[in-house]
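Q: predicted model, plus sequence, below.
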Amino acid sequence: AVTDFHNHRGRFDVTMRRLAFAGVLVFLAALPVAAAAEAPPGQAGGEVEASQAPVSGGAPADVAAPAPADPAVREVPARAPESVPEPAARAPEAPAPAPAASPAPAPAADPAPAPFTFRFARGASLKVYGKLELVTYYDTTTPAISDWLAYAQPKSTYDGREDAFSMSVRASPVGVHLNVPDLAGTWDLDSRVEIDFSGGFMTGGSSAYSPLLRLKQAWVSMSGKHVSILAGQHFGVFAPLFPDTANWIALGTSGNPWIRLPQIRLTLDWAPVKVEVSVNRPMGSNEVLNDSVNDHISDGEQSNVPFFMGRVGFTQPLGALTLAGGASGVYGREKIRRVYDPATGELKKKANGEYLKDPGDGQRALDRTVDVWMAALDLKVTSKYVDILGEFFIGDNLNSFFAGVLQGVSTFYTPPFGLLKGRMDARAIRTMGGWAQVIGRPIPDLSLGVGFGVDDPRNEDLNPATAGPVRSRNMTAYGNVGYKVGGAWLVG
């Protein structure tokens, strides 16, 4: 939970500046929430989670970490043998009695169960966890996608000239975590289901306080000493760190790409080196659909190629410091199928916002497959009082991972010349960016942070003819302070 003073600079066809203030009030409701980071997600806000530490670059604050082990119960000390009184002075001397045997130590009591943790036979446990998070913001422009604080609107638009104030609790997560140790020999079973309320909104006047449920995590894993296998919906293995911000997409449009997808993952862990590879559901975030009921088959699925992801990382203690880092990558494809009018270049859509795939009379179809790829580096240095962390990425067609300032593919139209008819083509938008953050903990329960992030798509790949101004760069600078109060509150 943090207070952010954002200075976002978005360069569209004109230069714009915005100053945003966001505050977060979090009540952990006495639940066992080693919260966040989804994710993180983890942090004082943001989408972090996925086995990453919250404040120092864990997944977004919406992911709960496993509860700490129950404290050991101190054994009751054995009672000392009672002393034997000395005989009377003139009494005949009698043989000294044998010392009394020490009583056996009292058996240790079973550890008290953690709150909202239920224990079963064979050491199995089920933990219920959650977090209530209230985010407020004031912005000198109306931000894109409200509580995402995705980017500043152009000053040439009404939203870009209007201040905005709002509040949101929809990123508050609730989940259950099942653990069964030694289920199959030395293999442990873990499973988690987690939801929040960021799945969109109902239509109508009550939409602002009627957010829809969103499935964040739903997975099961089997883990041995050096190998684990996971199946279900989890964070992508690439670029695993998350900044500590009140922006719950965690700088997703300002240098921090991430995603949660259905996947099958294999992890090999030989300390200090860890290798992760996964096969993930493909997707293409190139359409804004009005139909919220169906699971649409889009550009990613129709490429018939899953998203392949991998990461090689390490963790190395260095005295009072711990150094961790890694290199990761993503590869996939999207099949771009668009129907257009060759006389005007207009793209044709269905009523639900989905692109038309079958051309009618006088229409033509664009059919092109484009690559999705990304290479990323991450680094994290931690100590007792200061953490330094950050990531860098480069790639093509990355809007599915919140990168490219939510721009992935550009379609462009060549007008007719002479007897030639107009032609439409598509290309992937190249982009690069990253973020860095320093977090200090000068005293217990207090954290101070500053950070910066940027996402910079290649200008020549953007199509100025698309609806609305192109977003050629998005930058965020921020600072925050957070304080833990009473174990269940985090304010900032």
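A: Looks like it came in fine.
Q: buried set for stretch 338-351?
A: Of all the residues in stretch 338-351, those buried under the rule 16 or more other Cβ atoms under 10 Å are 338-342, 345, 347-349. In short, each C-beta sits where N, CA and C put it, glycine included.
Q: now do it: distance from first to last residue.
A: Length of stretch 338-351, first residue to last, Cα to Cα, to the nearest Å: 15 Å.
Q: how far does that stretch sit from the chain's center?
A: Put simply, stretch 338-351 sits 36 Å off its chain's centre (Cα atoms, centre = their mean, to the nearest Å).
Q: what about it, average pLDDT?
A: Computed over stretch 338-351, the mean pLDDT rounds to 81.
Q: before we move on, the earlier item: so which of the buried residues of stretch 338-351 sit within strands?
A: In strands, defined here by DSSP state E, the members of the buried residues of stretch 338-351 are 338-340.
Q: could these go into CSV alongside distance to Val305?
A: Compiled in CSV, those are given as follows (distance: Cβ to Cβ, whole Å):
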residue, distance to Val305
Arg338, 19
Val339, 23
Tyr340, 25
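Q: from those residues, which is closest to Arg260?
A: Distances from Arg260 to those, taken as Cβ to Cβ, are shortest for Arg338 (27.8 Å).
Q: helices and strands of the protein: which one bottoms out on pLDDT?
A: Least confident element among the helices and strands of the chain, by mean pLDDT, DSSP states H and E: strand 4-11 (a mean of 38).
Q: looking at the buried residues of stretch 338-351, point me to the pair that's furthest apart.
A: Pro342 and Lys349 (16.7 Å).
Q: what's the per-residue pLDDT of the nearest residue to Gly130 once chain neighbours are set aside here?
A: Closest residue to Gly130 apart from its sequence neighbours, by Cβ to Cβ, 6 or more residues apart in numbering: Val174 at 4.1 Å. Note for Val174: predicted pLDDT of 97.
Q: kindly report the same for Leu19.
A: Here, the pLDDT recorded for Leu19 equals 48.
Q: repeat for Gly46
A: pLDDT at Gly46 comes out at 44.
Q: low-confidence stretches in the stretch 1-150 of the chain?
A: Within the stretch 1-150 of the chain, the stretches with pLDDT under 70 are 1-113.
Q: what of the stretch 351-492 of the chain?
A: For the stretch 351-492 of the chain, the ranges with pLDDT under 70 are 414-422, 464-469.
Q: those strands in it, which residues are they?
A: For the stretch 351-492 of the chain, applying DSSP state E, counting those that start in this stretch gives strands covering 364-382, 386-396, 409-414, 423-428, 430-440, 446-457, 473-485, 489-491.
Q: how many residues are close by Tyr158?
A: When neighbours are counted by other Cβ atoms under 10 Å, Tyr158 registers 8.
Q: that one and Ala164: what is the separation?
A: Using Cβ to Cβ, to the nearest Å, Tyr158 is found at 11 Å from Ala164.
Q: please apply the same query to Gly200.
A: For Gly200, the distance to Ala164 equals 20 Å [Cβ to Cβ].
Q: specify the beta-bridge partners of Gly449.
A: Ile439, Asn480 (DSSP bridges).
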